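Participant: Here is my input, please return the structure:
(chains A and B)
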Amino acid sequence: DAKTTQPTSMDCAEGRAANLPCNHSTISGNEYVYWYRQIHSQGPQYIIHGLKNNETNEMASLIITEDRKSSTLIRPHATLRDTAVYYCIVRVAGSNDYKLSFGAGTTVTVRA
Amino acid sequence: EPEVTQTPSHQVTQMGQEVILRCVPISNHLYFYWYRQILGQKVEFLVSFYNNEISEKSEIFDDQFSVERPDGSNFTLKIRSTKLEDSAMYFCASKRALANYGYTFGSGTRLTVV
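Facilitator: Below you'll find the model as predicted:
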């Protein structure tokens, strides 16, 4: 699976959009981008995934650049409860059974 | 919303003792996983389980570890002879059959080996 690079940390003001970048310059055509987050001491939580089109669900939007070398997770109206470590993970599509390789992620702190 | 349930939430055990960590995955999920996270470190894959057998395991998952789905609902991780370095949060996860679907993780069991 391709390697990802994320900022170590970032702050966000409550009520504003949190925009989390991820670089995956070595991504191949059959690899998906996944985002998970881990609120302190809890299990990771799936947020969203995409291949090449932008995706939106009830939790967030995922914007993938046309060359697919980077993506941005957008949490539109951040709350204090969105303070967490956010992980960007790339994996090959198609396998029903797959493991996730977690990096260090981005520690996001939402401030009042 | 369906949840993955893990018990106990915290387990303290003496070095050398056996422990069993329990998980109840989501009922219509077919793929099951254990991950662990040592305090302050990354989440690490241990093992995946499908169709009543291990499908993949990491280097961490050595002979002292085993997994079982004894009754069609529970999914257990056994550590035969615990070591101090086994102290960690252990997360169970499950996934539906659809290839690119995300995982659902449990809230974890904090294992402390003393």
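Participant: Pull up the gap between B:Thr5 and chain A, please.
Facilitator: 11 Å (C-beta to the nearest C-beta, to the nearest Å). In this view, the C-beta of every residue, glycine as well, is placed from N, C-alpha and C.
Participant: Surely that residue is in contact with B:Ser27?
Facilitator: No - counting by C-beta atoms under 8 Å, B:Thr5 does not reach B:Ser27; the two are 11.1 Å apart.
Participant: who touches the residue most central in space within chain B in this structure?
Facilitator: Residue closest to the average C-alpha location in chain B (C-alpha atoms, centre = their mean): B:Trp34, at 3.2 Å. Counting by C-beta atoms under 8 Å, 6 or more residues apart in numbering or on different chains, B:Trp34 touches B:21, B:23, B:46-47, B:67, B:77, B:90-93.
Participant: hmm, try it at 6 Å
Facilitator: Listed by C-beta atoms under 6 Å, 6 or more residues apart in numbering or on different chains, the contact set of B:Trp34 reads B:46-47, B:77, B:92.
Participant: Could you identify which of the residues you listed has the most neighbours?
Facilitator: B:Cys92 (29 neighbours; other C-beta atoms under 10 Å in any protein chain shown).
Participant: Could you pull out the strands in chain A for me?
Facilitator: In chain A, the strands defined using DSSP state E lie at A:9-13, A:18-23, A:31-38, A:45-50, A:55-56, A:61-64, A:70-75, A:84-92, A:106-111.
Participant: For B:Asp71, find the nearest of these.
Facilitator: Set against B:Asp71 and scored by C-beta to C-beta, the strands of chain A come closest in strand A:45-50, at 26.6 Å.
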